[in-house]
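In: Have a look; sequence and predicted model below, questions after that.
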Amino acid sequence: MRKLKIYLKETFGFSEAESKGFIVLMLLVFLATLAPISVQLYLPPQEIDRSQDIALLNKLVKELQAPEKTGKVLPAQKEIPKTQAARPEPFDPNVATVQKMTSVGIPKYLAERIEKYRSKGGSFRKKSDIKKIYGFSDELYEQLSPYILIEASAPKTPKKVADSKPTPKKEKEELWFDINTADTTQLKKVRGIGSVLSARIIKFRDKLGGFHATEQLSEVYGLKPEVQKELIKVSYVADEFEVAKVKINKASAQELMQHSYIGKKSAWAIFNYRKKNGGFSSIEDLKKVEVLEEGVAEKLAPYLDFEL
């Protein structure tokens, strides 16, 4: 022990007290290392009863195998009811119920958008108007076009100020305007819209590339439902209007993130995916970008140019 103290003093420059402390510390570490081994040597091993666990596992195995033998289906294995097969037949999008529209082949989410569009005062004057609904693709329109029937009694939205008036009241005529060309002065004539909201609507419209349907006004931050409903009543989208297209296969990440539907995170995700996998040829390709939220690809569809 004395030799160890001398060694510590000469090697590390420890004092007498420090040498004793170091030796005691090493003994404690040594004992702590041996403690678990000692416990295992002197204490009898404990037997763990796993019979209950084994019985439970056997029961689960039998339940999982049961459908093969009995034909029964466990609750977790039940299939989701399949959508009724589409039966194309004439329908009027101005009055058809959601159930009716889904029965002819329109996805439920699109049928619900059509119903919501109608509830806010919107209507379809001709067949092609239905393509203004978010996500209503050209392919689906071509498939259902022969069955779309616009009744003569259907409510009609005036096309132009010169030959159409939504109401005989003078104040309504003055408020009738094209939502894609309206300025802040016109927008502020709508009750509930001031300088801040009018500027916000125009900024959203410009970043979007123009509205293809007045229903999109619901996406403007701060626009209350009652104000939105009033705005839809006095505005329209001209038939000849074409939204600005985003060249999805050529635009930089900075250009992509300028669009109202594409944030910074989504823009870089689209850019990196394109760089790694090549260009996009359809909306289905765009849906492969995992970062995009559900429904964003359909909303972007009218604004995309897939030219390589």
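Out: Structure received. Residues are numbered from 1 along each chain as shown.

In: distance between the ends of stretch 179-197?
Out: Terminal residues of stretch 179-197 lie 14 Å apart, using CA to CA, to the nearest Å.

In: same thing with stretch 245-264?
Out: Span of stretch 245-264 from end to end, CA to CA: 18 Å.

In: what do you get for stretch 299-306?
Out: 15 Å.

In: could you give the mean pLDDT of that stretch?
Out: Mean pLDDT, computed over stretch 299-306, is 90.

In: let's have the chain start at 6 instead
Out: With the count now opening at 6, the last piece we talked about shows up as stretch 304-311.

In: Please identify the buried residues of that stretch?
Out: Neighbour-count burial for stretch 304-311 flags 304, 305, 306, 307, 308, 309 (criterion: 16 or more other CB atoms under 10 Å). The C-beta positions use only the backbone N, C-alpha and C, and glycine is treated the same way.

In: where exactly do the helices run in the stretch 56-205 of the chain?
Out: 56-75, 103-108, 113-124, 143-149, 175-180, 189-192, 200-213 (DSSP state H, counting those that start in this stretch).

In: Take the ones you listed and write them to JSON lines, including mean neighbour count.
Out: Below are these laid out as JSON lines (neighbours: other CB atoms under 10 Å):
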{"stretch": "helix 56-75", "mean neighbour count": "10"}
{"stretch": "helix 103-108", "mean neighbour count": "16"}
{"stretch": "helix 113-124", "mean neighbour count": "16"}
{"stretch": "helix 143-149", "mean neighbour count": "13"}
{"stretch": "helix 175-180", "mean neighbour count": "13"}
{"stretch": "helix 189-192", "mean neighbour count": "16"}
{"stretch": "helix 200-213", "mean neighbour count": "16"}
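
In: weakest of these in terms of mean pLDDT?
Out: helix 175-180 (a mean of 50).

In: Excluding its own residues, what touches stretch 202-213? List them.
Out: 184-185, 187-189, 192-193, 198, 216, 221-222, 224-228, 232, 248, 263-266, 308 (CB atoms under 8 Å, 6 or more residues apart in numbering).

In: out of the helices of the stretch 56-205 of the chain, nearest to residue 278?
Out: Residue 278 lies closest to helix 200-213 among the helices of the stretch 56-205 of the chain, at 22.1 Å (CB to CB).

In: Compute the inter-axis angle for the helix or strand following that closest one and helix 113-124.
Out: Of the helices and strands lying after helix 200-213 in sequence (DSSP states H and E), the nearest is helix 230-238. Per axes from the mean of the first three to the mean of the last three CA atoms, to 10 degrees, the angle that helix 230-238 makes with helix 113-124 is 80 degrees.
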